[in-house]
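Enquirer: Kindly generate the corresponding structure for this input.
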Amino acid sequence: MQTIAPDDIVQTFAEAGRNGRPPLLVLAPLERFLDQRDLGAGPITAAPVGEGHSNVTYLVSRDGWEGIVRRPPRPPLPPSAHDVIREARVLRAVARTARVPAVLAVCDDPSVIGAPFYVMERVEGHVVTSEVPAALDAREDRRRMGEEIIDALVEIHAVDWVAAGLEGFGRPTGYLERQIRRFNGLWEHNRTRDVPAVERVATWLRDNVPASGPASVVHGDFRLGNVMFAPTAPARIVAVLDWEMATIGDPLADLGYLTALWAGRDDPSLGMYELSPVTRQDGFAGAAELVERYQERSGRRTSDMRWYRTLAVWKSVVFMEGNYRRAVSGATDDPYLRGFGESVVELAERADAMTRGGPDDDPREAP
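Expert: Down below sits the predicted model:
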């Protein structure tokens, strides 16, 4: 669960003014905003939800009504990061094809609670990371989780993004090159020390960019911990969450990220990067099987997966360093982020090793 500090949630801005940093939620103006849109009635109770360490997510309840509020974390923030209004736009655009929560209201006025935010429906279910819930703890359901996550990804990549109103949301050509440039820039913004492996991997990625196939919606953070399964068996994904990194680009970037995080029973430990260790349990499909199912269901070639997996790990290094910087600067109270110091260096070395092949090489690469 996200950590909650005494100054995170306040009733008014006057109360917030007595604190040393801005609040994350101001209840009185949020109540007025919800009232104007007929979203519940009465006083608000709010609590952080999820295990995310990026955008801030709250469950908001009032007189039997419940919704989810998403807003950026406290500043300082990297340029163009944590754009929740953009996230709400893509959720609305893909809703007919992909499994996403409904967006109920959007506020781009930072004066309301101190930052832009949006409100979405609450979806009931399980987010599976470190253990399988009892309701889904059968071998066939563990198998289905892997199948479901690939099928949900194929649905996302099948969205007609032009018809969905996402023309201009991202540039479909040159996506991979822009990713390298952007994350190089983010590294310069986020870095707290020199990590030579980061620069070496960036050079390798830049020198070996594969040719992209047809562009699609790209989720940007597609992993087991960002999907929700229905409360009861059979295992079925009811929502794909955390769309803040979404854009238009190369769909294999999503597949590379998913399989880079998907630890098999005999795979070496990913340390703090191992966000969903549950996939080591009996019954879960291996990363190679996920790639095969994606290729079969999507009709897309899945070559050059080592490059895409290396890109995923390298980008995670940059993000982890940014979160570590927020932790050491006092912008967040999340103790998990403080542990990123040595893990960033270890993960950068892992990405560097992947450029040469080895234990983190492709799970399987189509000819």
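
Enquirer: Only C-alpha atoms from now on, for both contacts and neighbour counts.
Expert: Noted.

Enquirer: Sketch out the low-pLDDT regions of the stretch 51-200 of the chain for me.
Expert: Residues of the stretch 51-200 of the chain that meet the criterion pLDDT under 70 lie in 51-53, 77-81.

Enquirer: ok, now with 90
Expert: Residues of the stretch 51-200 of the chain meeting the criterion pLDDT under 90: 51-55, 73-82, 170-172, 189-194.

Enquirer: And the helices in it?
Expert: Taking DSSP state H, counting those that start in this stretch as the criterion, the stretch 51-200 of the chain carries its helices at 84-94, 139-157, 175-190, 196-207.

Enquirer: Extract the C-alpha set from the second one and format it as PDB.
Expert: Taking C-alpha atoms only, helix 139-157 is exported to PDB below (Å, rounded to 0.1, in the frame of the first residue of the first chain):
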ATOM      1  CA  ARG A 139      -2.900 -24.400 -11.400                       C
ATOM      2  CA  GLU A 140      -5.300 -23.900 -14.300                       C
ATOM      3  CA  ASP A 141      -6.000 -20.300 -13.100                       C
ATOM      4  CA  ARG A 142      -2.300 -19.500 -12.800                       C
ATOM      5  CA  ARG A 143      -2.000 -20.700 -16.400                       C
ATOM      6  CA  ARG A 144      -4.900 -18.600 -17.500                       C
ATOM      7  CA  MET A 145      -3.300 -15.500 -15.900                       C
ATOM      8  CA  GLY A 146      -0.500 -15.700 -18.400                       C
ATOM      9  CA  GLU A 147      -2.900 -16.300 -21.300                       C
ATOM     10  CA  GLU A 148      -5.200 -13.500 -20.200                       C
ATOM     11  CA  ILE A 149      -2.400 -10.900 -19.900                       C
ATOM     12  CA  ILE A 150      -1.300 -11.600 -23.400                       C
ATOM     13  CA  ASP A 151      -4.900 -11.500 -24.700                       C
ATOM     14  CA  ALA A 152      -5.400  -8.200 -23.000                       C
ATOM     15  CA  LEU A 153      -2.200  -6.800 -24.500                       C
ATOM     16  CA  VAL A 154      -3.300  -8.000 -28.000                       C
ATOM     17  CA  GLU A 155      -6.600  -6.100 -27.500                       C
ATOM     18  CA  ILE A 156      -4.800  -2.900 -26.700                       C
ATOM     19  CA  HIS A 157      -2.500  -3.200 -29.700                       C
END
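
Enquirer: same for it, what does it pack against?
Expert: Packing partners of helix 139-157 (3 or more C-alpha pairs under 8 Å, 6 or more residues apart in numbering; DSSP states H and E): strand 216-218, strand 237-240, helix 287-298.

Enquirer: Also the last one?
Expert: Taking 3+ C-alpha pairs under 8 Å, 6+ apart as contact, the helices and strands that helix 196-207 lies on are helix 175-190, helix 305-329, helix 340-354.

Enquirer: ok, 7 Å please
Expert: With contacts defined as 3 or more C-alpha pairs under 7 Å, 6 or more residues apart in numbering; DSSP states H and E, helix 196-207 has these neighbours: helix 340-354.

Enquirer: Now tell me what touches the helix it packs on from outside.
Expert: By C-alpha atoms under 7 Å, 6 or more residues apart in numbering, the surrounding residues in contact with helix 340-354 are 195, 197-198, 200-201, 272, 310, 313-314, 317, 320-321, 324, 360-361.

Enquirer: quick one, what contacts Thr232?
Expert: When contacts are counted by C-alpha under 7 Å, 6+ apart, Thr232 is found next to Ala135, Leu136.

Enquirer: element containing it, please.
Expert: Following DSSP states H and E, one finds Thr232 outside all helices and strands.

Enquirer: if I look at Val123, how far off is Gly67?
Expert: When distances are taken as C-alpha to C-alpha, to the nearest Å, Val123 and Gly67 turn out to be 9 Å apart.

Enquirer: right, and Asn190 touches Asn323 too?
Expert: No. The pair formed by Asn190 and Asn323 falls short of the contact definition of C-alpha atoms under 7 Å, at 8.2 Å.

Enquirer: Between those two, tell me which one has more neighbours.
Expert: For Asn190 against Asn323, the residue with the higher neighbour count under other C-alpha atoms under 10 Å is Asn323, and the figures read 25 against 21.

Enquirer: Okay, that one and Val317: tell me how far apart.
Expert: Between Asn323 and Val317 the computed distance is 10 Å (C-alpha to C-alpha).

Enquirer: and Ala16, what pLDDT?
Expert: Turning to Ala16, the model gives it a pLDDT of 88.

Enquirer: wait, doesn't it sit right on Val10?
Expert: Yes. Proximity of Ala16 to Val10 meets the contact threshold set by C-alpha under 7 Å, at 6.2 Å.

Enquirer: so Gly40 sits right up against Arg62, yeah?
Expert: Yes. Using C-alpha under 7 Å, Gly40 makes contact with Arg62 at a distance of 5.9 Å.
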